[in-house]
Structure formats: structure tokens, C-alpha cells
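would you be able to build a 3D model of this:
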Amino acid sequence: MHRIAIGKLATAVVTALTVTAVPAATAVAAPSAPSASSTVTATDSFYTYDGSKPLSSYAPGAVLKTRTLQYHVLGIPTPVKAIQLLFRTVDAQGRPSAGVTSIVRSLNGDGGKAVSYQSFYDSLNPADSPSRAIAGDVSLGGLIANGESLLMVPLLLAGYNVIIPDSEGQTADFAAGPEYGTNTLDSIRAASQAPETGLSSATRVGLAGYSGGAIATHWAAALAPSYAPDVDKRLVGFAEGGLLVDPAHNLKYIGGSSTWAGVAPMAIIGAARSYDIDFTPYLNSYGAQVFKKLQNASITNALGQYAGLTWKQMVKPEYANPNSVPPFIEAVNKLNLGSAATPDAPGYIVQGSGGVLEGTTSNLPGIGRGDGVMVAGDVRALARQYCDKGNTSIKYQQYDLLSHVGAAVPWAPAALGWLNDRFAGKVPPSDCGRIPAGNSLAPEVPTTGN
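This is a model prediction of the structure:
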């Protein structure tokens, strides 16, 4: 069954991209199975900066390497060309690093507008990044990036250049929002500098992403005014859905759930990796086992495979309260969007609130309903905070009957329509004054004991 489903996905995506890339009168051949020669191994030298100058000597966004190749789906080449760039960026701690992004040029050759689409590939394995899937690599965790290729088609048909960054960085620091943001912004800078892309410093840019892609989209919008003012002045807006706002709330919300509980240790591992935090002293033997198993996992290795998992099951008894663990407090407070800067670009934010409340802690006071993994009250609070701080161009839409996956369905076409209006210069709609109250987004406070 899985093989049949994958085959159907490959056929659908390859056909869609083929029809997009060639005249309608051209016959479209059925895609063949991927060959061994079409794959790109995890040791691909393109991903390594090997120049003679120190990486720190380059400005963020500087292009280090360029290559053009066929856009692949599940290892199958399509007629669409992708330009890939290795560029200079920074990690979560501000240290110089090298990132990778992929650009698909507009079908009409217009270099004046682009959409930076942030993937929800959600993985702790660098091999699952969008650029590797586009280059022809095939991995289980990379199925998400392959499936998202269908979302590229409407953007290309609308005349946009599409920028697809590896937003988690080359060490796949899952859930480390600030790093997602700098990778995304420097990806846009790099795409605007490489002659092969047809983009320039005058190209207007929209941001779009759902779930893990919303993390990158939102942090990029929040960091742009200070980190990349050159990009910020070109942003027409950000469109996102299923947003992670306060990780401390999310970890409690999904605790004990049958589907999403395994994402909690993945997020802790990603945060620990990005900030060089050692959680080992706080884990019990089972927790150490879980963390070891998930070190290079994708979300496909976690969903539904750790049913009922809670924080208490993974830590020593004296650390039953997460706020008694200093590294936990340090990490979640750095990743809390409620403490980050306010974007000045218009925003369209979609959130589901119809997730099943099945976990042992999902009804904790102050958290409330969500979409099964993201907390709706947190997203409302953030949107209201932006309105209060002067960004009144915030459109907030909540689907009370839809879960995390379900809300993505109406989000995709609505996000495209909203972005079309921003590029057309229409006045952004605002829900300020009409967004229901949400949760407190105050930083976590250390405690002792249980």
C-alpha cells in the first residue's frame, strides 16, 4: 500500500510540474521509477564550505557556491530547473554557518516578485531537507518535502519565483525558531544576489509556510527589521498557519497524546542541539533511550509511535516539573515568540482549534484548545500583541472544527490569495479589535522540586 501511495504521489507531482514547465500541447510521458544515479548522497560536497577565506569574512547572505539541476520528486527528474545556492548565514548562537536554498524561476521570466516558501519537513536529519529532495535524494523523512512540491505549482502558475530554503540549517535544528529565521532571511539575500536566479535587491518578497514552515516564516518576519532591514523593506507580508508560539505550552499540551507526543523529545533535542545544551543529566534510562533513538529522526519516526509519552516518563523523579530543569527554561524562553520583536510586515495567520484533547495534560489551565499540536490561545495572544504594539495589518482566522492537518487545506489557497493581494498593492485586511483573548505568553519561571 505504501509503495502504491508513493507511486501515485510521484506521478501526480511530476505530472503537475511537467505541465507547468512545458507547453500544454506537449505530450507528457509517465514518470519512471527513480534510478540509483538520480540520488544525491548525504556526503554531497556542495553542502560544505571549502573556500580558502574564513566563512566569517563573508557578509550574511553571500553566495558561496551555485549549481543548476533538474527539480526531482522522489528521485524522478522533472523538466523544471532549480538553482541551488550555498550561502553564508548564522546559527542560533550567531556563529557563522553555511546554509542551502533552492530557487525555481518564474515561468514568465519576471524577476520582480518572489515567494519564499518554508517547508514543514520537521526533521532532525539534514538528509531530509528540501534541497536534497529537489536534488534527487530519497529518504523517508524527505517525503514531506517531496509532497510539498505540489504547493509550488500554484505559485509558479501565478508568476512567482519560488525560494525554498533549508530553514532548519545543515545540522537540522528542529524547532529552533531564531535559526530558522536567519536561514530564511539570508536565503532571500543570497537568491537576490546570484545572477542565475534573475532576482535582485529590488525583488519584492512574500513569506509563506505552514506548521514547521510557519516557524521559519514567522521568525523571519520578526527578525527582519533588526537582522535584515534590507530584506524587510521588500517584504509584502507573511502568510502562515499552525504556528508554534510558546514551546513550553506546546510540550504540556501534547503530553500523553496518542499522535503528537513523540514530537516533544524531538523539539527538545533540536533546541539542545542549537544552543549546545546537555539534557543528559536530567533524563532517566528510558528518556535517554528515547533521546538516543530520535537523534536523527524525522516527524515520520515520531508521529503515533510514542503514544501516551509524557515529560515525567523521560526524566528523573526530582525533575518531574519541567521548570525545575534550567536548560529547559533557557531553551523555551529563547524560542518563545511572545518575547520576540514585532514584525512590521502585514500578516495572515490561520490556526485550527479542533484537535482532539486526548493527552493527560492537554486540559491544563491556561492552555486550552488547539489543533492537536499547536495551541490556539497562544496564537491569538500573539496576534493581539502585535495589534497592541502597532502592527494593525494582522488578519487572524481560526477554524474551530479543524485539526492541525485539516486546517492546512483551506490555508493553502487562502494564503495564495492573500499574498496576491499584497503584491497587487491592496490594503491589508485587519482583525485587530476582533481577535478573542488568548493565553499569557510570559517567559517561564524556574522552580524547584515537583
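
only C-alpha atoms from now on, for both contacts and neighbour counts.
Fine.

the helices in the stretch 351-450 of the chain, which residues?
Using DSSP state H, counting those that start in this stretch, the helices of the stretch 351-450 of the chain run over 376-388, 404-423.

biggest strand in the protein by residues?
strand 76-90 (DSSP state E).

just checking: what are the partner strands of that strand?
strand 63-73 (antiparallel), strand 96-104 (antiparallel) (DSSP bridges).

how about those strands in JSON lines, adding mean neighbour count?
Output for these, formatted as JSON lines (neighbours: other Cα atoms under 10 Å):
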{"stretch": "strand 63-73", "mean neighbour count": "21"}
{"stretch": "strand 96-104", "mean neighbour count": "26"}
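
could the ones you listed go into CSV alongside mean pLDDT and distance to residue 367?
Formatted as CSV, these follow (pLDDT from 0 to 100; distance: least, Cα to Cα, whole Å):
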stretch, mean pLDDT, distance to residue 367
strand 63-73, 97, 39
strand 96-104, 98, 35
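
of all these, which one is nearest residue 351?
strand 96-104 (27.3 Å; Cα to Cα).

if we can go back for a sec, now the longest strand of the chain - C-alpha only, PDB.
What follows is strand 76-90, C-alpha atoms only, in PDB (Å, rounded to 0.1, in the frame of the first residue of the first chain):
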ATOM      1  CA  ILE A  76      12.400  11.400 -10.500                       C
ATOM      2  CA  PRO A  77      13.700  14.300 -12.600                       C
ATOM      3  CA  THR A  78      11.200  16.800 -14.000                       C
ATOM      4  CA  PRO A  79      11.600  19.400 -16.700                       C
ATOM      5  CA  VAL A  80      11.700  22.200 -14.100                       C
ATOM      6  CA  LYS A  81      15.100  23.600 -13.400                       C
ATOM      7  CA  ALA A  82      16.200  24.600  -9.800                       C
ATOM      8  CA  ILE A  83      19.100  26.800  -8.900                       C
ATOM      9  CA  GLN A  84      20.700  25.900  -5.600                       C
ATOM     10  CA  LEU A  85      22.900  28.100  -3.600                       C
ATOM     11  CA  LEU A  86      25.300  27.600  -0.700                       C
ATOM     12  CA  PHE A  87      25.300  30.800   1.300                       C
ATOM     13  CA  ARG A  88      26.700  32.400   4.500                       C
ATOM     14  CA  THR A  89      24.300  32.700   7.400                       C
ATOM     15  CA  VAL A  90      24.400  32.400  11.200                       C
END
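
which stretches in the stretch 201-350 of the chain count as strands?
Along the stretch 201-350 of the chain, counting by DSSP state E, counting those that start in this stretch, strands occupy 204-210, 235-241, 347-352.

mind putting these in a markdown table, mean pLDDT and distance to residue 59 included?
Shown next, in a markdown table, are those (pLDDT from 0 to 100; distance: least, Cα to Cα, whole Å):
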| stretch | mean pLDDT | distance to residue 59 |
| --- | --- | --- |
| strand 204-210 | 98 | 20 |
| strand 235-241 | 98 | 20 |
| strand 347-352 | 98 | 28 |
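
can you tell which of these is closest to residue 153?
Minimum separation from residue 153 across the strands of the stretch 201-350 of the chain (Cα to Cα) falls at strand 204-210, 14.2 Å.

quick one: low-confidence residue ranges for the stretch 101-250 of the chain.
Scanning the stretch 101-250 of the chain for pLDDT under 70 picks out no residues.

for it, what spans make up the helices?
Taking DSSP H, counting those that start in this stretch as the test, the helices found in the stretch 101-250 of the chain are 130-135, 143-147, 149-157, 177-193, 212-227, 229-232, 247-253.

what are the buried residues along the third one?
Burial within helix 149-157, assessed by neighbour count using 16 or more other Cα atoms under 10 Å, is assigned to 149, 150, 152, 153, 155, 156.

the third one: what's it in contact with?
Looking back up the chat, that one is residue 152. Counting by Cα atoms under 8 Å, 6 or more residues apart in numbering, residue 152 touches residue 162.

quick one: it from residue 191, how far?
Using Cα to Cα, to the nearest Å, residue 152 is found at 17 Å from residue 191.

same check, this time on the first one
In this structure, residue 149 lies at 19 Å from residue 191, with Cα to Cα as the measure.

tell me how many other residues surround the closest residue to residue 251 other than its chain neighbours.
Using Cα to Cα, 6 or more residues apart in numbering and skipping the chain neighbours, the partner closest in space to residue 251 is residue 264 (5.6 Å). Per other Cα atoms under 10 Å, the neighbour tally for residue 264 reads 24.

equivalent analysis for residue 57, please.
Neighbourhood size, residue 57 [other Cα under 10 Å]: 10.

which pLDDT value belongs to it?
pLDDT, residue 57: 98.

equivalent analysis for residue 23, please.
41.

same thing with residue 355?
So residue 355 comes in at 87 (pLDDT).

please report how far it lies from residue 261.
13 Å.

ok, now which ones touch the residue nearest to residue 251?
251, 254, 255.

what number of residues lie near the last one?
Residues near residue 255, counting by other Cα under 10 Å, number 26.

what is the neighbour count of the nearest residue in space to it that is not next to it in sequence?
Computed as Cα to Cα, 6+ apart, the closest residue to residue 255 that is not its neighbour in sequence is residue 310, at 4.8 Å. When neighbours are counted by other Cα under 10 Å, residue 310 registers 23.

no further questions, thank you.
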